[in-house]
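> what follows is a predicted structure for the sequence shown.
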Amino acid sequence: MATARDGGRTGFDPVGFAAVLVTIVTWASSFAAIRVGLSALTPYQLAAARYIAAAVPALVYLLIVRPPLPRGRELVRFIVLGLLFIPLYALFLNTGETTIAAGPAAFIINVNPILVALLAIPVLGERFGPMSWVGTLISFSGVGLIALGSGESFGFNLGALLIAGAALCTSISSLLQKPLLRRYPAFVVTAWVFVIGAVPLLPGLPPAVSALRTAPAEVFWAIAYMVVFPTVIGYLTWATALKRFPAGRASNFLYGIPPTATLVGFLWLGEVPTPIEIVGGVLAICGVVVVNLARGR
């Protein structure tokens with residue numbers, strides 16, 4: 001992996017490579033961990049257990065660093081961002097994964113770059129050429145195949161649409177973050193998002209704690225794993241990767257998440273994707289690649 005640093009030096013960056021690798025593995029494994037958590041908790045309870053626990057160190061960080069308090073439009077932007085990126089995203093994804101396996105769920109989530117590109121047309125005035133529309137059609141056809149091929153019988157699975165809704169939440173969040181990142185460090189923005197986003201999940205914490213008391217040990221450890229690795233460490237290593245590589249190059253590495261999630265789902269849960277799900281997953285990622293290549297020209 002070659003990279004150009006600020007000083008113009010190129011070469012293999014072991015720290016950047018390690019950060020990318022940890023991000024891929026931790027984020028990919030979260031899809032299987034969610035499936036384990038859903039065996040004992042509702043989607044809302046699981047979201048509360050995961051993100052409220054992650055919000056605690058985020059709040060401590062804010063109290064130590066004491067960044068400027070957001071006000072006016074910035075505060076509104078933070079609130080909308082927090083709602084989209086934490087509770088709505090988590091509820092859509094968790095509910096979708098009640099019927100969609102870990103691997104296919106990861107493939108659907110990774111159409112996020114296409115959704116960002118589509119949203120950038122009215123919001124940022126960006127252009128979307130013919131090949132980009134072709135790539136979008138390919139990718140969404142793949143999502144449709146996953147929706148039809150998941151479940152015990154051949155038929156439309158609403159879970160796929162809910163996971164696509166989670167991807168839409170992250171896409172809107174990406175656009176909302178851009179102005180905030182010009183004024184605040186990435187860690188501060190992330191911390192505020194965790195803290196604000198955890199507030200609507202607070203009512204779900206008591207029943208989540210009650211459910212965990214009688215849940216199998218693997219459920220508790222799966223949630224603890226999600227809090228520490230995909231949520232806290234994963235975001236930190238991703239921030240490190242973005243700092244050491246151009247954003248476009250760093251984002252390309254995320255194509256490794258869906259196949260890794262499929263492998264983790266097989267090793268951890270014994271999930272074997274159906275042939276239709278495999279074809280749909282490949283189409284979903286191929287469409288994203290086509291859109292990125294078309295936009296890069």
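Great, that's in hand.

> contacts only, for residue 82.
Going by Cβ atoms under 8 Å, 6 or more residues apart in numbering, residue 82 touches 192, 193, 194, 195, 196, 197, 199. For glycine as for every other residue, the C-beta is placed from the backbone atoms N, C-alpha and C.

> give me the pLDDT for the first one.
According to the predicted model, the pLDDT of residue 192 comes to 93.

> so it sits against residue 62, correct?
Yes - Residue 192 is in contact with residue 62 according to Cβ atoms under 8 Å; the separation is 7.0 Å.

> the more surrounded of these two?
residue 192 (25 against 17; other Cβ atoms under 10 Å).

> next, count neighbours for the closest residue to residue 170 other than its chain neighbours.
Leaving aside its chain neighbours, residue 170 sits nearest to residue 112 (5.2 Å; criterion: Cβ to Cβ, 6 or more residues apart in numbering). By the other Cβ under 10 Å criterion, the neighbourhood of residue 112 contains 21 residues.

> next one: residue 158
14.

> number of nearby residues for the nearest residue in space to it that is not next to it in sequence?
Closest residue to residue 158 apart from its sequence neighbours, by Cβ to Cβ, 6+ apart: residue 99 at 7.3 Å. As a burial measure, residue 99 scores 17 neighbours (other Cβ under 10 Å).

> how about residue 99, phi and psi?
phi -130, psi -10 (degrees, to the nearest 10).

> how near is it to residue 159?
The gap separating residue 99 from residue 159 is 4 Å, by Cβ to Cβ, to the nearest Å.

> ok, and for the host helix or strand of residue 77, which residues are buried?
Per DSSP states H and E: residue 77 is located in helix 72-83. Residues 74, 78, 79, 81, 82, 83 are the ones in helix 72-83 that count as buried (16 or more other Cβ atoms under 10 Å).

> next: stretch 177-190.
Going by neighbour count (16+ other Cβ under 10 Å), the buried part of stretch 177-190 is 177, 180, 184, 186, 187, 188, 189, 190.
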